[in-house]
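*Asks:* please find the sequence and the predicted model below.
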Amino acid sequence: MGETQLKRLIIGVTGASGAAYAVRTLEVLAQVPGLETHLVMTNAARQTIALETGLSPAKVEALATHVHGIGQIAAPLASGSFSTHGMLVVPCSMKSLAGIAYSFSDNLLLRAADVVLKDRKRLVLMTRETPLHLGHLRAMVQVTELGGIVMPAMPAFYHWPTSVDEIVNQTVNRALDLLGVELPADLFKRWDGPPKRPRPTSRSRR
């Protein structure tokens, strides 16, 4: 397959809590045929990955097709002439959200997101913060008005998750849905209406 036929997807990772979402996203995308991933991580993301997952940044980088340094502002991702399918920032800190919202492109992650927006490609920001103050909310509105999609990492329970991994899988799958990425198999059971019989559970519901 020639390089021009590959579907390129940019994955940005910031220092917000939720490194498991980034790791799982890269694991899943590595199994998608014909998909080329371009990873850029902030310095804070490297610390959060080690603190929350026990993995080294190098092991996470090994899951991507290509890795770009946060300070490599002359990397291909910084130009609209480098064709991509879109970009997912997972997780997305409020600092990076603000940088994207107001075009403060002082690193490669922010510049890549700016390029995706100006070229009218799909940008999905998996934001991670709670509670939110007015500045956070205004930045989210600004990104939405620019054409981006703000997708807070909010767990769903309609698929009756029984582990943290199942919660992470559902959120990652939904984010990739928004980017139009077709996975070999869904990571969770999609909602198809109320169950015909109660699902067995040992958990107490009050």
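*Replies:* That came through fine. Values in this document were obtained by computation on a predicted structure and should not be read as measured data.
*Asks:* do a quick rundown of the strands in this structure.
*Replies:* Counting by DSSP state E, the chain has these strands, from start to end: 7-13, 35-41, 66-68, 86-92, 122-127, 149-150.
*Asks:* can I get those in TSV with mean pLDDT, mean neighbour count and distance to residue 104?
*Replies:* (C-beta placed from N, C-alpha, C; glycine too.) Listed next are those as TSV, based on pLDDT from 0 to 100; neighbours: other CB atoms under 10 Å; distance: least, CB to CB, whole Å:
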stretch	mean pLDDT	mean neighbour count	distance to residue 104
strand 7-13	97	25	14
strand 35-41	98	22	16
strand 66-68	98	18	19
strand 86-92	98	28	14
strand 122-127	98	25	15
strand 149-150	98	18	17
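*Asks:* make CSV out of those strands and add distance to residue 54.
*Replies:* Output for the strands of the chain, formatted as CSV (distance: least, CB to CB, whole Å):
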stretch, distance to residue 54
strand 7-13, 16
strand 35-41, 16
strand 66-68, 20
strand 86-92, 17
strand 122-127, 21
strand 149-150, 29
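*Asks:* mind checking which of the ones you listed is nearest residue 159?
*Replies:* strand 122-127 (18.3 Å; CB to CB).
*Asks:* okay, now the sheet partners of that closest one, with direction.
*Replies:* Looking at strand 122-127 with DSSP bridges, its partner strands are strand 86-92 (parallel), strand 149-150 (parallel).
*Asks:* so what's the most centrally placed residue in the chain closest to, chain neighbours aside?
*Replies:* Most central residue of the chain, judged by C-alpha distance to the mean C-alpha position with CA atoms, centre = their mean, is residue 90 at 3.1 Å. Closest residue to residue 90 apart from its sequence neighbours, by CB to CB, 6 or more residues apart in numbering: residue 126 at 4.3 Å.
*Asks:* tell me the contacts of the one you found?
*Replies:* Taking CB atoms under 8 Å, 6 or more residues apart in numbering, we find residue 126 in contact with 18, 21, 88, 89, 90, 91, 92, 151, 152, 153, 171, 175.
*Asks:* now with 7 Å, please.
*Replies:* Taking CB atoms under 7 Å, 6 or more residues apart in numbering, we find residue 126 in contact with 21, 88, 89, 90, 91, 92, 151, 153, 175.
*Asks:* thinking again about what came up before, make CSV from the strands paired with strand 122-127 and add distance to residue 42 to it.
*Replies:* Converted to CSV, the strands paired with strand 122-127 look like this (distance: least, CB to CB, whole Å):
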stretch, distance to residue 42
strand 86-92, 10
strand 149-150, 18
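*Asks:* among those, which comes closest to residue 119?
*Replies:* When the strands paired with strand 122-127 are compared by CB to CB, strand 86-92 sits nearest residue 119, at 9.7 Å.
*Asks:* what mean pLDDT does the lengthiest helix in the chain get?
*Replies:* Looking across the chain with DSSP state H, the single longest helix is helix 164-178. Mean pLDDT, helix 164-178: 97.
*Asks:* buried set for that helix?
*Replies:* 167, 168, 169, 170, 171, 172, 173, 174, 175, 176 (16 or more other CB atoms under 10 Å).
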